[in-house]
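[1] sequence first, predicted model second:
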Amino acid sequence: MKQQEKRWYERAPHAVALLFFIFILVSVLSYVIPAGSFERVVVDGRSRVVPGSYHTLPSSPISVMDMFRAMPLGFKAASEIIFIVIAGGVMFGMIERTKTLENAVGTLVRKLGLRQRHMIVVIVTMVFGFLGIAVGYENNIALVQIAAVVSLAIGGDLILAAGISVAAMTIGFGLSPINPYTVGTGHKIAELPMFSGAGLRAVLCGLALVGCAVYNVRYLRRLESQKTSLGAGLDEDGFALSQGLQTYRITRGNYLVLLCFFVGLAVILYGVFSHKWYINELSAIFLMVTLAVGLVSRYSANEISRIVLEGVGSAAPGAFMVGFATTIKVLMEMSNIGDTISYHLAELLQGLPLYASAIGMAVSQGVINLFIPSGSGQALATLPVMIPVGEVLGLTRQTSILAFQVGDGLFNLINPTLGGLIAMLSLCRVPLDRWLRFIFPLFLLCLAMAGVVLVLAVAVGY
């Protein structure tokens, strides 16, 4: 019998192999790229680069021992994100065991009707995009698995689930006109009014989210026509509806579980906006919701314990990927080549024409984002260098910050070293290699939109 030929995505390297390749590449680059550093000063409690202070350092190439020692150091550095992945997996596992989410989504789809599936995709994409704009990134991690249940209920797959949640939140957060980590930090460094120029940023963000919604609907149409699915073979256990739509009803117990979840979500939103809560506080609320759901569902201590350990098991692969991705950042710090890359990219920009320099700045920030995945960290490390370079080229400070936001925000869609992205994909059970195949056309579309907006910004002296 002739062996069935593998599909194209089945021939792609596994996500662990992709990250290991980058891991090796950074180690090799430490022997090629000179070590260097900018001087830094502390302003408002945060380290900021001093423009013009770049200097070379003694070479510090990565040895074989250092390369593998970076792994436990990477997991240590990413411990907060690793734990929130585990806490989110445990909470979802408890909610999933009660069948609350399945019943709620099944009831919603039954009432709306499968004929409205495309509208559901558009609405859910926009809702997740708004959450990215207004609430943040990792703050929404617990909601990703809801998208998985919705996607499967309307005939989609786990890739579509990531498209309507992870892609929308990444675009919304990355291009948010009120992003405090990128735009806010940039405006402080550039000494511009906080969140000034929000109108043009809002237009770009809105266009990109509309493009994301259309892209997701187009993918669903492809699934409906029974063409090849990128989600074929992915583990849908616990996400897929187990019975016909007409049988779904929300029980009294389900309402109690939903109450626990939404109260927890409300507390998180209050804490984020009023007390600047971040990952550790969110993890704590996830654990509280887990316990509350177990108690209102009248599970015994032994049942709760078993469900918790099952949730840990389901979240473990994603938690591992987060730590592995952070290892690359540790290697960059050990070899001292991150500032060298930033310095030489800034030098390259000075030879470009005016319009090309704005796009070049966005692309260079995207490259740097691979090595400094933190938005605020990248702003503090690069904008003190890039803003003066932009002024020499004839770019306004506002345009330089917009270029930075485009490079940081959109390149997050394909950034394998971004812990939040890896964490959310893992909760959707979507491997990085398949995600990159799915998202790359949308990434190029959004990048083209951003290029047009950047050219417009230069033309009008934004």
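    Cool, the structure landed.
[2] show me what counts as buried in the top helix by length along the chain.
    The single longest helix within the chain, with elements called by DSSP state H, is helix 301-335. Neighbour-count burial for helix 301-335 flags 304, 307-308, 310-311, 314-315, 318-332, 334-335 (criterion: 16 or more other C-beta atoms under 10 Å). C-betas here are computed from N, CA, C, even on glycine.
[3] neighbouring contacts of the following helix or strand past it?
    Using DSSP states H and E, the helix or strand that follows helix 301-335 towards the C-terminus is helix 338-349. For helix 338-349, contacts defined as C-beta atoms under 8 Å, 6 or more residues apart in numbering pick out 33-38, 54, 56, 332, 357, 360-361, 364, 367-368, 371-372, 381-382, 385-386, 389, 393.
[4] can you check stretch 389-400 too?
    For stretch 389-400, using C-beta under 8 Å, 6+ apart, the contacting residues are 190, 192, 196-197, 346, 349-350, 352, 354, 357-358, 361, 383, 386-387, 403, 454, 457-458, 461-462.
[5] in it, what's buried?
    For stretch 389-400, by 16+ other C-beta under 10 Å, it's 389-390, 393, 395-400.
[6] returning to that earlier point: pull out the buried members of the contacts of stretch 389-400.
    Neighbour-count burial within the contacts of stretch 389-400 applies to 190, 192, 197, 346, 349, 357-358, 361, 383, 386-387, 403, 454, 457-458, 462; the criterion is 16+ other C-beta under 10 Å.
[7] which of those residues fall in helices?
    Per DSSP H, the buried ones among the contacts of stretch 389-400 map to helices at 190, 346, 349, 357-358, 361, 383, 386-387, 403, 454, 457-458.
[8] quick one, which of those has the minimum pLDDT?
    Lowest in pLDDT among those is residue 346, which has 80.
[9] could you measure that residue against residue 259, distance?
    Distance, residue 346 to residue 259, using C-beta to C-beta, to the nearest Å: 53 Å.
[10] hmm, back to that, so which of the buried residues of stretch 389-400 is the closest to residue 178?
    Using C-beta to C-beta, residue 398 comes nearest to residue 178 of the buried residues of stretch 389-400, at 14.9 Å.
[11] rewinding a little: may I ask which two of the ones in helices among the buried ones among the contacts of stretch 389-400 are separated the most?
    346 and 457 (19.3 Å).
[12] with the buried ones among the contacts of stretch 389-400 in mind, which one is nearest to residue 254?
    Once C-beta to C-beta is applied, the member of these that ends up nearest residue 254 is residue 197, at 45.5 Å.
[13] from memory the closest one sits against residue 462, does it?
    Yes: using C-beta atoms under 8 Å, residue 197 makes contact with residue 462 at a distance of 6.5 Å.
[14] any residues in contact with both of these two?
    With C-beta under 8 Å, 6+ apart, residue 197 and residue 462 have common neighbours 398, 402.
[15] among the buried residues of stretch 389-400, which are in helices?
    389-390, 393, 397-400.
[16] turn the residues you listed into a markdown table, columns for pLDDT and distance to residue 286.
    Below are those laid out as a markdown table (pLDDT from 0 to 100; distance: C-beta to C-beta, whole Å):
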| residue | pLDDT | distance to residue 286 |
| --- | --- | --- |
| 389 | 82 | 43 |
| 390 | 85 | 41 |
| 393 | 82 | 46 |
| 397 | 90 | 40 |
| 398 | 93 | 38 |
| 399 | 94 | 40 |
| 400 | 91 | 38 |
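[17] between these, which is closest to residue 268?
    residue 398 (32.6 Å).
[18] helix, strand or coil for the spatially closest residue to residue 310 that is not a sequence neighbour?
    Of all residues not flanking residue 310 in the chain, residue 93 sits nearest, at 5.6 Å (C-beta to C-beta, 6 or more residues apart in numbering). At residue 93 the chain is in helix, as set by DSSP: H, G, I helix; E, B strand; the rest coil.
[19] how many other residues sit next to residue 93?
    Counted by other C-beta atoms under 10 Å, the residues lying close to residue 93 total 22.
[20] what sits against residue 281?
    Applying C-beta under 8 Å, 6+ apart to residue 281 gives the contacts 268, 271, 275.
[21] can you lay out those residues as TSV showing secondary structure, neighbour count and pLDDT?
    Output for the contacts of residue 281, formatted as TSV (DSSP: H, G, I helix; E, B strand; the rest coil; neighbours: other C-beta atoms under 10 Å; pLDDT from 0 to 100):
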residue	secondary structure	neighbour count	pLDDT
268	helix	21	85
271	helix	17	87
275	helix	9	85
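[22] and which of the residues you listed is nearest residue 99?
    residue 268 (23.7 Å).
[23] got a list of what the closest one touches?
    Applying C-beta under 8 Å, 6+ apart, we find residue 268 in contact with 139, 277, 281-282, 285.
[24] who wins for neighbours among those residues?
    Neighbour-wise, these (other C-beta under 10 Å) top out at residue 282, 26 neighbours.
[25] and that residue, that one's in a helix?
    Yes: using three-state DSSP, the assignment for residue 282 is a helix.
[26] mind checking how far it is from residue 94?
    To residue 94, residue 282 is 16 Å away according to C-beta to C-beta.
[27] ok, and what's touching the worst-scoring helix or strand of the chain on mean pLDDT?
    The helix or strand of the chain with the poorest confidence is strand 46-49; it has a mean of 72 (mean pLDDT, DSSP states H and E). By C-beta under 8 Å, 6+ apart, the surrounding residues in contact with strand 46-49 are 38-42, 189, 376, 380-382, 384-385.
[28] could you turn the buried ones of the residues you listed into a PyMOL selection?
    This is the PyMOL syntax for the buried subset of the contacts of strand 46-49, where burial follows 16+ other C-beta under 10 Å:
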select buried, resi 38+40+189+376+380+381+382+384+385
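[29] from the contacts of strand 46-49, which is closest to residue 239?
    Distance ranking of the contacts of strand 46-49 against residue 239, using C-beta to C-beta, places residue 376 first at 33.5 Å.
[30] and that closest one, helix, strand or coil?
    Applying three-state DSSP: residue 376 is helix.
[31] could you find the closest non-adjacent residue to it?
    residue 181 (4.3 Å).
[32] and the host helix or strand of residue 20, C-alpha only, in CSV?
    Element membership for residue 20 (DSSP H and E) is helix 15-32. Extracted as CSV, the C-alpha positions of helix 15-32 are listed here (Å, rounded to 0.1, in the frame of the first residue of the first chain):
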residue,chain,number,x,y,z
ALA,A,15,8.3,24.3,17.6
VAL,A,16,11.0,23.1,20.0
ALA,A,17,13.3,22.5,17.0
LEU,A,18,12.6,26.0,15.7
LEU,A,19,13.5,27.6,19.0
PHE,A,20,16.6,25.4,19.4
PHE,A,21,17.8,26.6,16.0
ILE,A,22,17.5,30.2,17.2
PHE,A,23,19.1,29.2,20.4
ILE,A,24,22.1,27.8,18.4
LEU,A,25,22.1,30.8,16.1
VAL,A,26,22.4,33.4,18.9
SER,A,27,25.3,31.4,20.4
VAL,A,28,27.1,31.3,17.1
LEU,A,29,26.5,35.1,16.6
SER,A,30,28.2,35.8,19.9
TYR,A,31,31.5,34.8,18.1
VAL,A,32,30.8,37.0,15.1
